[in-house]
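>>> Fold the following.
(one chain, ligands or ions: 3)
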Amino acid sequence: MAFTLSEIMAARRQQSQAQAHAQRGGRTAVEVDEYSTNPTQAFTFYNINQGRFQPPHVHMVDPMPHDTPKPPGYTRFVCISDTHSRTDSIQMPYGDVFIHAGDFTELGLPSEVKKFNDWLGTLPYDIKIVIAGNHELTFDQEFMADLIKQDFYYFPSASKLKPENYENVQSLLTNCIYLQDSEVTVRGFRIYGSPWQPWYYGWGFNLPRGQALLDKWNQVPDNTDILVTHCPPLGFLDWVPKKMQRVGCMELLNTVQRRVQPKLHVFGHIHEGYGMMTDGTTTFVNASACTVNFLPMNAPIVIDLPNPRTT
Ligand SMILES: Nc1nc2c(ncn2[C@@H]2O[C@H](COP(=O)(O)O)[C@@H](O)[C@H]2O)c(=O)[nH]1
Ligand SMILES: [Mn+2]
Ligand SMILES: [Mn+2]
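Ligands and ions are numbered 1, 2, ... in the order given. I've put the predicted structure just below:
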């Protein structure tokens with residue numbers, strides 16, 4: 001893949017401006033990236049010209065064994081995602097705070113949501129945080145209104161749904177804190193959750209790459225400790241082998257690295273990307289429980305974070 005000299009110079013200028021700004025202690029306002037609509041090209045360009053995804057800062061991290069003792073003064077987060085109504089065989093480890101990063105159903109049917117909520121009720125964690133993903137169709141009110149207008153053309157299996165059965169679908173989640181472009185502070189950690197992802201076959205919470213998604217990420221407060229999104233950022237656990245593509249969101253990456261800099265970013269969506277990485281500032285967790293064949297084979301990922309000082 002060839003880049004022109006002016007493209008390389010522009011990217012270097014952008015990088016040095018961001019570094020200078022960061023050195024002044026400021027956090028950069030994120031703008032739409034010129035490679036936003038082609039994430040595979042963006043990855044290649046920024047990797048070759050800026051070493052943006054290279055060691056020593058960027059590397060894989062081995063998930064912690066579930067029987068590791070928790071150090072005093074730490075909170076243990078149990079991260080999971082993409083369970084797709086297949087929770088029966090999943091062994092849940094010890095922990096304090098449960099985080100589910102979306103796709104807990106296949107279609108967001110109220111029956112599936114109730115089953116998921118019942119499962120949540122059996123889990124022993126102090127706090128349980130859940131966001132939606134593209135499969136939670138009924139949680140996306142605008143999506144459902146459009147689907148009805150199209151007479152359920154794209155999702156005929158959802159056609160039996162009646163609006164009165166899903167209008168308040170969030171209220172079925174009685175055993176967790178549900179976040180949708182919103183935040184909660186637990187044990188001193190500021191946690192923000194958002195379900196949006198780059199458009200892919202017109203599912204729920206799909207948005208075009210670029211400004212539309214950046215508008216959502218711009219709602220994340222600067223001092224967020226833990227960011228939960230359904231989709232990955234570009235370059236972190238976002239590789240789709242069968243398409244040989246990077247599919248993470250460029251604007252999400254820039255928001256995480258240039259502005260918010262959370263301690264932990266939990267997501268899923270790309271089942272093949274299950275695992276853990278770091279860039280030296282943020283730990284990235286793709287917690288997809290299901291494989292690409294929708295088999296719930298991947299264990300929840302646990303991570304200990306030091307409790308924030310409260311003054
Ligand atoms: N090439 C792309 N593949 C994608 C994208 N989003 C999802 N996927 C693939 O689908 C599965 C399952 O996703 P789900 O949301 O239906 O559970 C995922 O593991 C990928 O293989 C995309 O934007 N581009
Ligand atoms: Mn999924
Ligand atoms: Mn998904």
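
>>> Which positions in this structure make contact with ligand 1?
82, 103, 134-135, 198, 200, 240, 243, 245, 247, 269-272, 292 (C-beta under 6 Å from any ligand atom). C-beta here means a position set from N, CA and C on the backbone, and glycine is covered the same way.

>>> could you flag which of those residues are buried?
82, 103, 134-135, 198, 240, 247, 269-272 (16 or more other C-beta atoms under 10 Å).

>>> Considering the residues you listed, which is situated nearest to His230?
The nearest member of these to His230, counting by C-beta to C-beta, is His269 at 5.1 Å.

>>> Need the three-state assignment for that closest one.
coil (DSSP: H, G, I helix; E, B strand; the rest coil).

>>> Was I right to think it contacts Pro232?
Yes: shown here, His269 and Pro232 form a contact pair, counting by C-beta atoms under 8 Å, at 6.5 Å.

>>> I'd say Trp217 and Thr255 touch.
Yes: if you go by C-beta under 8 Å, Trp217 and Thr255 touch, sitting 4.1 Å apart.

>>> So for the two, which residue has more residues nearby?
Neighbour count, other C-beta atoms under 10 Å: between Trp217 and Thr255, Thr255 has more, with 27 against 22.

>>> just so I have it, where are all the helices in this protein?
5-23, 39-50, 110-122, 141-149, 163-166, 211-217, 250-254 (DSSP state H).

>>> can you put the ones you listed in CSV and add mean pLDDT and distance to Phe77?
As requested, these are arranged in CSV below (pLDDT from 0 to 100; distance: least, C-beta to C-beta, whole Å):
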stretch, mean pLDDT, distance to Phe77
helix 5-23, 54, 27
helix 39-50, 97, 27
helix 110-122, 97, 16
helix 141-149, 93, 29
helix 163-166, 89, 30
helix 211-217, 98, 21
helix 250-254, 98, 20
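
>>> is the nearest residue to Leu179 once chain neighbours are set aside in a bridge, and if so with what?
Leaving aside its sequence neighbours, Leu179 sits nearest to Gly193 (C-beta to C-beta, 6 or more residues apart in numbering; 2.9 Å). Taking DSSP bridges as the rule, Gly193 bridges to Ser182, Val228.

>>> Gly193 and ligand 1, how far apart?
17 Å (C-beta to the nearest ligand atom, to the nearest Å).

>>> still on that earlier bit, what touches both of Trp217 and Thr255?
Counting by C-beta atoms under 8 Å, 6 or more residues apart in numbering, the contacts common to Trp217 and Thr255 are Val30.

>>> circling back to that earlier point, intersect the buried ones among the residues of the chain next to ligand 1 with the contacts of ligand 3.
Intersecting those with the contacts of ligand 3 gives 103, 134, 269 (criterion: C-beta under 5 Å from the ion).

>>> just curious, which of those residues is nearest to Glu142?
Asn134 (13.5 Å).
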